[in-house]
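how does the following fold in three dimensions:
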Amino acid sequence: MGKAGERECRTTGRRSPGREHPAVWSAYGKLVRLFRERAGLTQQALADAIGYSLEQVASVEQGRRPAKTAFTEAAERVLGAGGALRVLQEDVDRAKLPEFFQDFALLEAEAVSRFSYDPMLVPGLLQTEAYASALLEAHFPPLEDEAIEQHLTARLARQKLLDRRNPCVVFSFILEEGSLHRLVGGTDVMKEQLAWLRECTRLRNVEIQVMPTQRAAHSGVNGQMVLLETLERRQFVCIEAQGIVNIRSNRNEVSEFWLRYGMLRSQALNTEESARLIEHMAGEL
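Numbering: from 1, shown residues only. Predicted structure coming up:
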């Protein structure tokens, strides 16, 4: 990532008026058109064969709309694309994310370990669809429906990291107890969210710890952090606040955050205690 590892990304999740759609959407669309024409199909014929509308197929081919995984798998099968569309799906999904988040998502996709402390909300990798949707609906300034759908799809696609193999990613999540009391989306949504967290604690590569509210002062009170290590053993710290992501790779700076995170893990409830607390909180809703 080079110098990009030291820059701050200050854009928001809203696409600027008149700004072109991501280049990867256009490249993907051109491939769809190429394979469709080779197969001797019209747009309508392709739409009928894969179960999508003509407008959806046309929008994908023109790069105005990103393809979802289901579209890609159906197009691969009908067009005999040989994996050419499938290999682009991850990049198509990543381009749906807010611009300020895309550099981080690229690093995250290369990580073999990801440790995070989240004081306000359940982190995106652990969010249910309903919880994530409620957060996007609450965004201000309000997002357009299309943007909400795209960001939601991309956020859920990132969760494939949880069960990725070769290489497997090791996760450590520390959540403030207060974040689990915040009824994002209402009682039913939060109950489902807590139940999903409980399920995630059973994954062998995932550790979830809760920082109890009664521990009034600790080494994370200054805010959220994510620590990443890549297969090449490069380490990064990423901090997000109010639509700004700051990614740092300076060895001395990053080392301090790893030490701080180690202290946080010792101050939080252990994984067994945390799982019992989450289960108890779900039962009380």
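
number of nearby residues for Met263?
12 (other C-beta atoms under 10 Å). The C-beta positions use only the backbone N, C-alpha and C, and glycine is treated the same way.

what strand or helix carries it?
helix 251-267 (DSSP states H and E).

Phe35 is in contact with Leu46, correct?
No. Leu46 is beyond contact range of Phe35, at 9.2 Å (criterion: C-beta atoms under 8 Å).

tell me which stretches of the stretch 51-200 of the chain form helices.
54-61, 69-79, 89-94, 99-109, 129-137, 145-158, 177-181, 187-200 (DSSP state H, counting those that start in this stretch).

by contact count, what packs against the fifth one?
Helices and strands in packing contact with helix 129-137 are listed as helix 145-158, helix 187-200; criterion 3 or more C-beta pairs under 8 Å, 6 or more residues apart in numbering; DSSP states H and E.

now the last one against helix 129-137, angle please.
Relative orientation of helix 187-200 versus helix 129-137 (axes from the mean of the first three to the mean of the last three C-alpha atoms, to 10 degrees): 120 degrees.

put the alpha carbons of helix 187-200 into CSV.
What follows is helix 187-200, C-alpha atoms only, in CSV (Å, rounded to 0.1, in the frame of the first residue of the first chain):
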residue,chain,number,x,y,z
THR,A,187,-35.8,-5.1,20.7
ASP,A,188,-36.4,-7.8,18.1
VAL,A,189,-33.4,-6.7,16.0
MET,A,190,-31.1,-6.5,19.0
LYS,A,191,-32.3,-9.9,20.3
GLU,A,192,-31.4,-11.5,17.0
GLN,A,193,-28.1,-9.6,17.0
LEU,A,194,-27.1,-10.9,20.5
ALA,A,195,-28.1,-14.4,19.5
TRP,A,196,-25.8,-14.2,16.4
LEU,A,197,-22.9,-12.9,18.6
ARG,A,198,-23.4,-16.0,20.8
GLU,A,199,-23.2,-18.2,17.7
CYS,A,200,-20.0,-16.4,16.6
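
helices or strands next to that helix in the packing?
helix 129-137, strand 206-211, helix 271-284.

relative to Ser26, which of those is closest?
Among the helices and strands packed on helix 187-200, helix 129-137 comes nearest to Ser26, with 24.9 Å by C-beta to C-beta.

and the closest one, average pLDDT?
Here helix 129-137 scores 97 as its mean pLDDT.

send me it as CSV with only the CA atoms.
Below are the C-alpha coordinates for helix 129-137, written out as CSV (Å, rounded to 0.1, in the frame of the first residue of the first chain):
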residue,chain,number,x,y,z
GLU,A,129,-28.6,-7.8,8.2
ALA,A,130,-31.3,-6.2,10.2
TYR,A,131,-28.9,-4.5,12.6
ALA,A,132,-26.7,-3.2,9.7
SER,A,133,-29.8,-2.0,7.8
ALA,A,134,-31.0,-0.1,10.8
LEU,A,135,-27.7,1.7,11.1
LEU,A,136,-27.7,2.6,7.4
GLU,A,137,-31.2,3.9,7.7
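
what are the contacting residues of that helix?
121-122, 124, 127, 143, 148, 151-152, 155-156, 184-186, 189-190, 192-193 (C-beta atoms under 8 Å, 6 or more residues apart in numbering).

before we move on, back to that, got JSON lines for the helices and strands packed on helix 129-137, with mean neighbour count too?
Below are the helices and strands packed on helix 129-137 laid out as JSON lines (neighbours: other C-beta atoms under 10 Å):
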{"stretch": "helix 145-158", "mean neighbour count": "18"}
{"stretch": "helix 187-200", "mean neighbour count": "18"}
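
lowest-confidence stretch among those helices?
When I compare the helices and strands packed on helix 129-137, helix 145-158 is least confident, with a mean of 89.

next one: that one to chain centre, how far?
Computed by C-alpha atoms, centre = their mean, to the nearest Å, the chain-centroid distance of helix 145-158 equals 9 Å.

with just CA atoms, put that helix into CSV.
What follows is helix 145-158, C-alpha atoms only, in CSV (Å, rounded to 0.1, in the frame of the first residue of the first chain):
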residue,chain,number,x,y,z
ASP,A,145,-32.2,3.7,-1.1
GLU,A,146,-29.8,2.4,-3.8
ALA,A,147,-26.8,3.5,-1.7
ILE,A,148,-28.2,1.8,1.4
GLU,A,149,-28.7,-1.4,-0.6
GLN,A,150,-25.2,-1.3,-2.0
HIS,A,151,-23.5,-0.6,1.4
LEU,A,152,-25.6,-3.3,3.1
THR,A,153,-24.6,-5.9,0.4
ALA,A,154,-20.9,-4.9,0.7
ARG,A,155,-21.0,-5.0,4.5
LEU,A,156,-22.5,-8.5,4.5
ALA,A,157,-20.1,-9.7,1.9
ARG,A,158,-17.1,-8.7,4.1
